[in-house]
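Trainee: Please work out how this folds:
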Amino acid sequence: MLLTAHIKNLPKALTILMFWSSFSLATGSSSTLQPAKLFAQLPDNCPTPDAFAIAPNGSLTLSCPNFANKKLQGELLSISPSGDVTHLATVPTLELTSKANPMGLAYDEQGALYVADARGIKNGRVLKLSFNGNALIKTEVIAQGINPNGLRYHHGAVYITQLNMPKVKSKKMTSGIYRFNASDRHLTMTNTLQDKQLVFTAETQNPQIQIGVDGLDFDNAGHLYTTVLGDGEVYKLFLDENGQVIDKELYATVPAESRIDGMVFDKNNNLYLAGFGLNQIFKITTDKKVIKLADYSDNDGSDGQIDQPADLMIYQNKLVISNFDLMKGKGIRNTKHGKPYTISYIDIN
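Mentor: Numbering: from 1, shown residues only. As a prediction, this is how the structure comes out:
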C-alpha cells in the first residue's frame, strides 16, 4: 500500500522498474532488472529484425526476414558500433518465386556468412554467402528440404535448429538440430529421423505451447546449448570429435511462458536468453543461477524498450537485442506490430 500511495509521484522509468521488481519478488524469481536503451533505429525495409552475427570488419550483421511485409525481400543490414545502419545485401531467391527469409546467421574464419533461409520445408535452405568487401559475389546452397531457424558455425560445421518436424509421427511435436559440413552442397533432407545430419531431437511436453528447439550457442569448451521454447528448458549437449551429440544434460529451466528464443554466451560463459513471449531477458550464470535482467510490458520499442526480443549478441560490451515485434495471441505480451523498428541494448560491463 505504501508503494501504491507514492508511485504516482515517481518518474515513469523508475515506476516501471519498481513494479517489475515487486512482481519478481512476489513470484520468487531472481531479478536484477536493468533498463534497456536504444542501439539503432531501423529503416522501413527491416520491419522484423531477427538474428545477429559479428562481421570480420567489426560491424554487426542483422537479418531481416520481413514477415510483417511480404512485399519486401529478405535483407541483411550492417550496423556500426555507434548504431549507424547501412544495407549489406538482399538475400537471393535463387530461382524460387518465394522471397528469402533470412534468420540465423554466422560467419566462418574466412568471412563467409551462413544464413538460415526459413522459407518452409519445401523451399527452406541453409546458404553460404561470400563477399568481396561489402559486395555479395556468390551464394551457394548447403542444404535444402528443411526450415532452419537458429544457426551457429563451429569447427567447420553449421548447426541449425528446426522448430517443428511435421513428418515425424510422435504424440507430441518433435523438433531438432541438424549439423552440416561447411563444404556440403545441395544436400536434400527428408525431414525424418532417417536424416543422418540430424544430431538431436526433442519432443515439446507443454500442450499449450507446442514449439520446439529454437536458439542455440556454444560455450567456451565447445559444448552446444539449445532451448525447447515451449517447455522453458535449456539443454547442454555433449559432442564427440565428429560433432555428433553423445549426451545431454538439463542445464536450467525458465518459465515456459517466457518462450525463450535466441541465446548467446559471453566471454565468461554466462548465458543470455531472449524471452520472446513476455519481453524478458534472462542471464544464467556459470553456477546455473537464473537471473531476470529485463521484463517489459507491451510497448512500441521507442527509446529502447524491449519489444518482443528474438535474438541477442554480445557486442562492444553490450548485450544487443533485436525487437521482432510481430507475433501476438494468447500468452504473448505483444499486441500489435508497428514503428519504430528498433534494436535495443543492455550494458553488461
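Trainee: what sits against Asp44?
Mentor: Counting by Cβ atoms under 8 Å, 6 or more residues apart in numbering, Asp44 touches Tyr341. All C-beta atoms are positioned from the backbone trio N, CA, C, and that covers glycine.
Trainee: Which element, helix or strand, includes it?
Mentor: Using DSSP states H and E, Asp44 falls within no helix or strand.
Trainee: got the phi/psi numbers for it?
Mentor: With angles defined as degrees, to the nearest 10, Asp44 sits at phi -70, psi -20.
Trainee: Mind pulling the model confidence for it?
Mentor: Looking at Asp44, its pLDDT is 97.
Trainee: what about it, distance to Lys339?
Mentor: Relative to Lys339, Asp44 is positioned 8 Å away (Cβ to Cβ, to the nearest Å).
Trainee: for Asp300, same thing?
Mentor: 8 Å.
Trainee: same deal with Leu77?
Mentor: For Leu77 relative to Lys339 (Cβ to Cβ), the value is 16 Å.
Trainee: more neighbours, the two?
Mentor: Taking other Cβ atoms under 10 Å, Leu77 and Lys339 do not tie; Leu77 has more neighbours (22 against 13).
Trainee: Pretty sure the more buried one sits against Ala89.
Mentor: No: assessed by Cβ atoms under 8 Å, Leu77 is found out of contact with Ala89, at 9.0 Å.
Trainee: Settle this for me: Ala53 is touching Leu77, isn't it.
Mentor: No: look at Ala53 against Leu77 with Cβ under 8 Å: they stay out of range, at 11.5 Å.
Trainee: Give the residues shared as contacts by those two.
Mentor: Thr61.
Trainee: Can you name the residues that contact Ile284?
Mentor: By Cβ under 8 Å, 6+ apart, the residues touching Ile284 are 234, 251-252, 270-273, 290-291.
Trainee: Could you do Asp219 as well?
Mentor: Here Asp219 is in contact with 225, 236, 265, 269, 271 (Cβ under 8 Å, 6+ apart).
Trainee: Compute the number of surrounding residues for the third one.
Mentor: Residue neighbour count, defined by other Cβ under 10 Å, stands at 17 for Phe265.
Trainee: measure it to Asp84 for me?
Mentor: 27 Å.
Trainee: Then Leu326?
Mentor: According to Cβ to Cβ, Leu326 stands 25 Å off from Asp84.
Trainee: The two: who's more crowded?
Mentor: Just comparing Leu326 and Asp84: by other Cβ under 10 Å the higher neighbour count belongs to Leu326, 19 against 10.
Trainee: The closest residue to Lys171 other than its chain neighbours: neighbouring residues, count only.
Mentor: Computed as Cβ to Cβ, 6 or more residues apart in numbering, the closest residue to Lys171 that is not its neighbour in sequence is Glu203, at 7.5 Å. Applying other Cβ under 10 Å, we find 16 residues neighbouring Glu203.
Trainee: My read is that Asp50 contacts Leu326, right?
Mentor: No: counting by Cβ under 8 Å, Asp50 stays clear of Leu326, with 10.0 Å between them.
Trainee: Model confidence for Arg185, exactly?
Mentor: 98.
Trainee: Could I get the contacting residues of it?
Mentor: Arg185 touches 140-142, counting by Cβ under 8 Å, 6+ apart.
Trainee: Likewise for Gly150?
Mentor: Gly150 touches 51, 103-104, 116, 160-161, 213-216, 226, 262, counting by Cβ under 8 Å, 6+ apart.
Trainee: List buried residues within those residues.
Mentor: 51, 103-104, 116, 160-161, 213-216, 226, 262 (16 or more other Cβ atoms under 10 Å).
Trainee: Can I get the residues you listed in TSV including pLDDT?
Mentor: Formatted as TSV, these follow (pLDDT from 0 to 100):
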residue	pLDDT
Ala51	98
Met103	98
Gly104	98
Ala116	98
Ile160	98
Thr161	98
Val213	98
Asp214	97
Gly215	97
Leu216	98
Thr226	98
Gly262	98
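Trainee: And for stretch 243-256, what's in contact with it?
Mentor: 29, 154-155, 157, 159, 177, 179, 199-200, 206, 208-209, 224-225, 230-240, 260, 271, 273, 275, 282, 284, 288, 290.
Trainee: for that stretch, the distance to its chain's centre please.
Mentor: Relative to the centre of its chain, stretch 243-256 is centred 17 Å away, using Cα atoms, centre = their mean, to the nearest Å.
Trainee: what ranges do the strands span in the stretch 51-200 of the chain?
Mentor: 52-54, 60-64, 75-79, 85-90, 102-107, 113-117, 125-132, 135-144, 151-154, 157-162, 174-181, 187-188, 198-203 (DSSP state E, counting those that start in this stretch).
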